[in-house]
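1. with the input below, show me the fold.
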Amino acid sequence: MSATPDMFPGFAERRIQTSNGVEIYLRTGGSGPPLLLLHGYPQTHVAWHKIAHDLARQCTLVIADLRGYGASSAPPGDEEHHTYSKRAMADDCLSVMRALGHERFMVAGHDRGGRVAYRLALDHADAVSALIPIDILPTAEVWRRTTAESMLKSYHWAFLAQPSPMPETLIAKDPVFYLEHTLKSWAKPRDLSPFAPEALEHYRALLTDPARIHAVCEDYRAGATIDRQRDDADLAAGRKIACPTFILWARSYLAGDPLDVWRTWCTTVTGASVDSGHFLAEENPRDMLAALVPFLKSMSVER
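-> Residues are numbered from 1 along each chain as shown. Sure, this is the predicted structure:
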């Protein structure tokens, strides 16, 4: 991490070896009930830098890089995409939280991190006290609801899931262009203005490392195959997310009312929208905190 700026002054820096043999990089800080924060694509843990210090007044934060992202291990993928399945990533998270002494905790995840978060809540219901998916629908729902219009907007789902090394090769030809195009396409102003220059250094570093380009493609390959299959199996079996769930979504990104979809997947779900593009924590941190903190406080009281 020495080559990229430290965006969490006062937070401890840790590396934890998981039961899967993967090393997870993370930052910790704050006090109160534990809250695990998981970033999305194409980002790293620094996606939370604008809201971390405010959240640290409410919670003990664990801010991790997912496997394959940031400064965490980036193992090679496998033919069946188990290595970057959300179940494997969720198991990483459980190992990290147990290593830090947190037997039960809240988890908030944006984008790909949201998919890891809800898989963690499904697979380890005893460990997750509250779930906060940010600006996503469940993976199986996204594939099931795919239309020509949605595929034009979210072409990367199919592109990144193509067999190796096609997407890896194309991205590697101009990774900074690809990274910045992606960020601009999903941000409400359609430019890089929501992102701090120091954060952009982290995000550019992600997609200039061939091992991590491969890792993020494997993440999406898993989403198109094993993650989708596991979601469908859970839905068919009537399994639901048991913990209180709070959905946050961007008005300029997700269409319709995500709560209607999540009610099928959760026993108890509420939520709120934020005037933002996809990157809520960086585009509109004030309104995101205004929506999120009351839920966190309510969960603290329930404990």
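
2. Gly70 against Tyr25, yeah?
-> Yes: with contact defined as Cβ atoms under 8 Å, Gly70 counts as touching Tyr25 (6.0 Å). Placement of C-beta: from N, CA and C, glycine included.

3. so the two - more neighbours on which side?
-> Remark: of Gly70 and Tyr25, Gly70 carries more neighbours, 25 against 22, as counted by other Cβ atoms under 10 Å.

4. using the three-state scheme, assign that one.
-> Under DSSP: H, G, I helix; E, B strand; the rest coil, the three-state class of Gly70 is coil.

5. enumerate every residue touching the closest residue to it other than its chain neighbours.
-> Counting by Cβ to Cβ, 6 or more residues apart in numbering, Gly70 lies nearest to Thr44, which is 3.4 Å off, once chain neighbours are set aside. Thr44 makes contact with Asp65, Tyr69, Gly70, Ala71, His202, Tyr203, Leu206 under the criterion Cβ atoms under 8 Å, 6 or more residues apart in numbering.

6. next up, phi/psi of the spatially closest residue to the fourth one that is not a sequence neighbour, please.
-> Taking Cβ to Cβ, 6+ apart as the measure, Ala71 lies nearest to Tyr25, with 3.8 Å between them; neighbours along the chain are not counted. The main-chain torsion angles of Tyr25 are listed as degrees, to the nearest 10 and equal phi -90, psi 140.

7. cool, the one 4 residues further on as well?
-> For Gly29, the backbone dihedrals are phi -180, psi 170 (criterion: degrees, to the nearest 10).

8. once you drop chain neighbours, what's closest to it?
-> Of all residues not flanking Gly29 in the chain, Phe11 sits nearest, at 3.7 Å (Cβ to Cβ, 6+ apart).

9. quick check: Lys297 touching Gln58?
-> Yes: using Cβ under 8 Å, Lys297 is in contact with Gln58, at 6.6 Å.

10. compare the two (neighbour count), which wins?
-> Neighbours per residue (other Cβ under 10 Å) separate Lys297 from Gln58, with Gln58 holding more: 19 against 14.

11. quick one, what contacts the more buried one?
-> Gly30, Gly32, Leu35, Val293, Leu296, Lys297, Ser300.

12. any idea how far Pro33 is from it?
-> Gln58 sits 8 Å away from Pro33, going by Cβ to Cβ, to the nearest Å.

13. where do the helices sit along the stretch 151-300 of the chain?
-> 156-160, 166-173, 175-186, 197-206, 210-224, 226-236, 258-262, 280-283, 285-302 (DSSP state H, counting those that start in this stretch).

14. lowest confidence element among the helices and strands of this protein?
-> The helix or strand of the chain with the poorest confidence is helix 148-153; it has a mean of 88 (mean pLDDT, DSSP states H and E).

15. mind saving the C-alpha coords of it as PDB?
-> Extracted C-alpha coordinates of helix 148-153, given in PDB (Å, rounded to 0.1, in the frame of the first residue of the first chain):
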ATOM      1  CA  ALA A 148     -31.800  -5.200 -24.400                       C
ATOM      2  CA  GLU A 149     -31.900  -1.800 -22.600                       C
ATOM      3  CA  SER A 150     -30.400  -3.100 -19.400                       C
ATOM      4  CA  MET A 151     -27.600  -4.900 -21.300                       C
ATOM      5  CA  LEU A 152     -26.600  -1.800 -23.100                       C
ATOM      6  CA  LYS A 153     -26.400   0.000 -19.700                       C
END
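
16. hmm, back to that, pick the most buried one from the helices of the stretch 151-300 of the chain.
-> With neighbours taken as mean count of other Cβ atoms under 10 Å, these reach their highest mean count in helix 280-283, at a mean of 26.
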